[in-house]
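Engineer: I need the structure of the sequence given here:
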Amino acid sequence: MSSVINQTDDRQGAGTIELKDDTIIVVLGASGDLAKKKTFPALFGLFRNKFLPKDIRIVGYARTKMDTDEYLKRVRSYIKIPTKEIEDQLDQFCKMCTYVSGQYDQDDSFISLNKHLEEIENNRQSKEQNRVFYMALPPSVFTTVSEQLKRNCYPKSGLARIIVEKPFGKDLQSSRDLQKALEPNWKEEEIFRIDHYLGKEMVKNILILRFGNEFFNATWNRRHIDNVQITFKEPFGTEGRGGYFDEFGIIRDVMQNRKYIQSH
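Structural biologist: Modelled structure (predicted):
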């Protein structure tokens, strides 16, 4: 096994990411806004469509003190279940999920997390410790958490991946500082930097829509288009995210990255 997350080619040659068997996905910040609105619904979508490999486990980690039953109740509340079939699938999905509470800056907390991961691996007699750490966290704790993960939860065998959600810093200097902080502990091939919004199908395929469509290709240019307006509408406000927006603001959150990239 060469990698926890393996790069494979699809029929279009664009490349897809494939998780290996027996992987544990650790969602750090599991009780937060991002995990609620994006991470767990996305994981359930992968499960429903049979894109997750066999024997995968999902472990939530956050500061919120709650038992696994309360955690699973929250996971269920994050996901819409319009049919009985989806409800049954959600029951199966929840059987894969467990929870550990702890601080983001304490060795004891991450030692407890590692013990929980080892229990899962020992119970299923895994040959390797394949772990994916998904940081659904504010950037202010990225460095501390990445150091704790490397010191206390990095697998002894098998491989690890760390997934860092945007924003990767709030400006050029903080982005460089964060990169320097990650470098001593994580190899470049172990780090995935993502923006969940730019992963939306329509956003990813704008160029294909533009150049792969004969009608658009002939008319989508400065001679025929007066202006381009990008509308960003959400049915909710900043509830529960005040601390984050106080530090970064809406311009840094969406305009300098998502909207700028989309407009180009």
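
Engineer: please report how far the nearest residue to T143 once chain neighbours are set aside lies from V141.
Structural biologist: Residue nearest to T143 in three dimensions, not counting chain neighbours: A181, with 4.1 Å by C-beta to C-beta, 6 or more residues apart in numbering. All C-beta spots, glycine's among them, are computed from the backbone N, C-alpha and C. Taking C-beta to C-beta, to the nearest Å as the measure, A181 falls 11 Å from V141.

Engineer: give me the helices and strands touching the host helix or strand of V164, please.
Structural biologist: Counting by DSSP states H and E, the element that carries V164 is strand 160-165. On a contact count with 3 or more C-beta pairs under 8 Å, 6 or more residues apart in numbering; DSSP states H and E, strand 160-165 meets strand 131-135, strand 191-194.

Engineer: any chance you could list what contacts the strand or helix carrying the residue nearest to T143?
Structural biologist: Here A181 sits within helix 172-182, counting by DSSP H and E. Here helix 172-182 makes contact (C-beta atoms under 8 Å, 6 or more residues apart in numbering) with 139, 142-143, 146-147, 162, 164, 168-169, 191.

Engineer: what is the nearest of these to K115?
Structural biologist: The shortest approach to K115 among the contacts of helix 172-182 belongs to E147, at 18.7 Å (C-beta to C-beta).

Engineer: how about the closest residue to the closest one other than its chain neighbours, what does it touch?
Structural biologist: Excluding the flanking residues, the one nearest E147 by C-beta to C-beta, 6+ apart is N185, at 6.1 Å. Contacts for N185 (C-beta under 8 Å, 6+ apart) come out as 146-147, 150.

Engineer: what comes up buried for the longest helix seen in the chain?
Structural biologist: Looking across the chain with DSSP state H, the single longest helix is helix 107-123. For helix 107-123, the neighbour count (16 or more other C-beta atoms under 10 Å) marks 109-110, 112-114, 116-117, 120-121 as buried.

Engineer: what's the angle between that helix and strand 131-135?
Structural biologist: For helix 107-123 against strand 131-135, the angle by axes from the mean of the first three to the mean of the last three C-alpha atoms, to 10 degrees is 140 degrees.

Engineer: residue boundaries of the strands in the stretch 1-150 of the chain?
Structural biologist: 5-8, 16-19, 24-28, 57-62, 97-101, 131-135 (DSSP state E, counting those that start in this stretch).

Engineer: quick revisit: can you list the buried residues of helix 107-123 in CSV and add pLDDT?
Structural biologist: Below are these laid out as CSV (pLDDT from 0 to 100):
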residue, pLDDT
S109, 98
F110, 98
S112, 98
L113, 98
N114, 98
H116, 98
L117, 97
I120, 95
E121, 94
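
Engineer: and of these, the nearest to V132?
Structural biologist: Nearest to V132 among the buried residues of helix 107-123, counting by C-beta to C-beta, is L117 at 11.2 Å.

Engineer: so the closest one versus F192, what's the distance?
Structural biologist: 19 Å.

Engineer: one more: M66?
Structural biologist: Counting by C-beta to C-beta - M66 and F192 are separated by 28 Å.

Engineer: and for Q148?
Structural biologist: Per C-beta to C-beta, Q148 is found 18 Å from F192.

Engineer: more neighbours, those two?
Structural biologist: Each of Q148 and F192 has its neighbours counted (other C-beta atoms under 10 Å); Q148 has more, 24 against 15.

Engineer: much appreciated, bye for now.
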